[in-house]
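**Q** sharing a sequence plus its predicted fold:
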Amino acid sequence: MSELLLKNAVIASPGGAKRAEAPAVDVLISGGVVVALTASGEQLDRAAEVVDLEGRWLIPGLWDHHVHFTQWVIRRQRIDLTRTSSAAEVLELAREAVQKAPAGKTVVGFGFRDGLWPEPARLSDLDAVTGDHPVALIAGDLHCMWLNTAAQQLVGVHTDDTGILREAESFAVMDRFGDPADLTPQDYQDAAQAAAARGTVGVVEFENADNASLWPKRVAQGVNQLRVEAAVWPDYLAQTVKSGLRTGDLLEESGLVRLGPLKVISDGSLNTRTAWCWESYAGLDPTHPHACGGPTVPPQQVRELMRTAQGAGIAAAIHAIGDRANTEILTIFEQLAMHGSIEHAQLLRWEDVERFARLGVTASVQPEHAMDDRDVAEAYWPGRTARNFPLRSLVEAGVTLRFGSDAPVAPLDPWMAIAAAVSRSRDGRDPWHPEQRIAVGTALAASTGGPAEVRVGAPADLAVLDRDPYHCTGDQLRNMPVAATLLGGRFTHYAL
């Protein structure tokens with residue numbers, strides 16, 4: 001592998017000066033690793049390809065630690081419902097889509113959030129605007145679907161008069177509406193390239209699929225812009241254990257794909273009102289059997305799955321959104337003396353914040369969800385929102401944070417997570433629980449998966465920025481211009 005010299009770079013750092021005062025350095029990359037940082041202009045006695053960064057800022061490349069990549073790719077082919085705020089608005093978009101759709105082609109939409117709709121979903125209303133054309137509308141949190149009668153007949157399900165399928169019943173048929181087999185390598189390349197253009201160098205893949213087999217094939221087909229940690233779902237755990245693969249093992253010769261952790265969904269979501277909580281949801285009868293949400297997979301079953309993974313050297317990444325779910329999963333980590341992560345860690349009891357730190361469990365959080373969920377959280381978890389995404393409290397307790405998007409729930413763009421964590425604000429609104437804001441450097445470290453600064457000896461997974469992230473507002477972080485991205489010293493995005 002040839003050597004590369006990045007000239008006139010400014011290493012972004014918390015105490016760094018602004019551009020006029022910042023010292024420039026030259027960064028030598030060899031064998032995919034940063035091997036030297038020297039004052040700009042010093043002669044390095046070796047031949048190398050030279051790229052002048054002209055005073056731009058350099059940071060480690062960013063990771064999205066929680067994606068559903070195929071769902072993110074498919075989202076680009078679905079009707080966008082993310083800006084809707086009522087059933088009426090969704091119905092109008094569905095009506096327009098049916099009018100334009102070829103006969104027999106199922107219309108699929110994504111992104112509605114019904115938690116604050118002024119009127120409930122009704123199957124009769126959806127049927128009235130779509131007729132006998134199959135229509136499947138997927139919620140923005142991926143935990144429920146709104147199906148018309150024709151779509152229900154197509155996949156052999158039957159709902160109540162709302163037309164809504166939730167949780168396991170929804171997951172069971174979701175892939176029937178947009179077959180991943182129809183996606184091309186180019187579709188994946190386009191999505192990976194778009195991620196690289198935002199400074200992304202790696203993702204943790206939580207798609208409910210045989211990720212350990214699929215991703216090496218994609219890399220061989222040219223989807224080589226990202227590193228991938230391929231998670232294992234329960235349906236694939238036995239075959240993974242039998243194979244002898246352990247978390248961190250390479251899965252293909254280029255070194256881009258490694259085996260990730262076991263993924264289990266232990267509870268639901270806030271918008272779907274299925275996240276497992278200690279207290280009931282506001283407005284729901286406390287005597288209702290599901291007034292507090294509930295487990296998707298019973299704790300005893302989660303424990304057995306984690307025990308199996310632990311014995312095979314496979315880490316655990318367990319979805320838990322409600323505070324009761326987080327308590328239960330932390331208890332399992334403690335019982336097994338097992339390390340790993342809780343994915344989402346959205347609503348926490350204060351005493352469980354300390355448990356994360358004491359047990360060494362990583363909080364893998366999606367800060368942009370705080371911006372998406374702030375209003376629905378205030379509606380259904382009143383009096384509890386101070387414990388919603390308590391990032392600063394987690395940091396002060398010594399908990400390791402990792403940031404992700406949960407794409408397609410939020411866009412695959414780490415700068416959105418960084419901006420949300422730093423500002424707790426979006427679209428000009430007042431910060432939501434500003435006491436839980438964290439520093440830029442802390443947010444960057446949660447997004448790089450390691451140090452927030454470029455260091456000698458680290459992989460040359462780098463992002464070149466046109467702004468200094470340590471002197472940016474929240475909006476400027478959200479719209480950070482990325483001039484280049486390197487993966488192992490190879491440019492995956494170049495706009496210099």
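**A** All right, it came through fine.

**Q** show me the contact partners of the helix or strand bottoming out on mean pLDDT in the chain.
**A** Within the chain, no helix or strand scores below helix 167-174, which has a mean of 91 by mean pLDDT, DSSP states H and E. Identification of contacts with helix 167-174 by Cβ atoms under 8 Å, 6 or more residues apart in numbering yields 138, 142-145, 155, 157, 165, 208, 268, 272, 274, 296. The C-beta positions use only the backbone N, C-alpha and C, and glycine is treated the same way.

**Q** in ChimeraX, select just the buried ones from those residues.
**A** The buried residues among the contacts of helix 167-174 can be selected in ChimeraX (16 or more other Cβ atoms under 10 Å) with this line:
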select :138,142,143,144,145,155,157,165,208,268,272,274,296
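
**Q** quick one: the contacts of helix 167-174 as TSV, columns for pLDDT too.
**A** Compiled in TSV, the contacts of helix 167-174 are given as follows (pLDDT from 0 to 100):
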residue	pLDDT
Ile138	95
Leu142	91
His143	92
Cys144	94
Met145	96
Val155	94
Val157	96
Leu165	95
Asn208	94
Gly268	96
Thr272	91
Thr274	95
Thr296	96
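
**Q** got JSON lines for the contacts of helix 167-174, with distance to Val73 and secondary structure too?
**A** Conversion of the contacts of helix 167-174 to JSON lines gives the following (distance: Cβ to Cβ, whole Å; DSSP: H, G, I helix; E, B strand; the rest coil):
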{"residue": "Ile138", "distance to Val73": "14", "secondary structure": "strand"}
{"residue": "Leu142", "distance to Val73": "14", "secondary structure": "coil"}
{"residue": "His143", "distance to Val73": "20", "secondary structure": "coil"}
{"residue": "Cys144", "distance to Val73": "21", "secondary structure": "strand"}
{"residue": "Met145", "distance to Val73": "19", "secondary structure": "strand"}
{"residue": "Val155", "distance to Val73": "21", "secondary structure": "helix"}
{"residue": "Val157", "distance to Val73": "25", "secondary structure": "coil"}
{"residue": "Leu165", "distance to Val73": "23", "secondary structure": "strand"}
{"residue": "Asn208", "distance to Val73": "14", "secondary structure": "coil"}
{"residue": "Gly268", "distance to Val73": "24", "secondary structure": "coil"}
{"residue": "Thr272", "distance to Val73": "23", "secondary structure": "coil"}
{"residue": "Thr274", "distance to Val73": "26", "secondary structure": "coil"}
{"residue": "Thr296", "distance to Val73": "25", "secondary structure": "coil"}
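
**Q** closest one to Ala397 out of the contacts of helix 167-174, please.
**A** Distance to Ala397 across these (Cβ to Cβ) is lowest for Gly268, with 26.2 Å.

**Q** about what we covered before: let me have the contacts of helix 167-174 in TSV, extended by distance to Glu343.
**A** Below are the contacts of helix 167-174 laid out as TSV (distance: Cβ to Cβ, whole Å):
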residue	distance to Glu343
Ile138	20
Leu142	13
His143	14
Cys144	19
Met145	21
Val155	28
Val157	27
Leu165	22
Asn208	13
Gly268	13
Thr272	16
Thr274	16
Thr296	13
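
**Q** how about the secondary structure of Glu354?
**A** What DSSP: H, G, I helix; E, B strand; the rest coil gives for Glu354 is helix.

**Q** gap between it and Tyr188?
**A** Going from Glu354 to Tyr188 by Cβ to Cβ, to the nearest Å gives 41 Å.

**Q** in terms of neighbours, single out the busier of the two.
**A** Tyr188 (24 against 15; other Cβ atoms under 10 Å).

**Q** show me what whatever helix or strand that one lives in is packed up against.
**A** Assigned by DSSP states H and E, Tyr188 falls within helix 185-196. Secondary-structure packing of helix 185-196 (3 or more Cβ pairs under 8 Å, 6 or more residues apart in numbering; DSSP states H and E): helix 69-75, strand 490-494.

**Q** got the contact list for it?
**A** Contacts of helix 185-196 (Cβ under 8 Å, 6+ apart): 64, 69, 72-73, 76, 203, 218, 221-226, 412-413, 485, 487, 492-493.

**Q** picking up where we left off before, just the closest of the contacts of helix 167-174 to Leu28, please.
**A** If you rank those by distance to Leu28 using Cβ to Cβ, Asn208 comes first, at 42.3 Å.

**Q** mind listing the helices for the stretch 251-400 of the chain?
**A** Applying DSSP state H, counting those that start in this stretch to the stretch 251-400 of the chain gives helices spanning 299-311, 323-336, 350-359, 367-380, 391-396.

**Q** so how far is the first one off the chain centroid?
**A** Just to be clear, that refers to helix 299-311. 24 Å (Cα atoms, centre = their mean, to the nearest Å).
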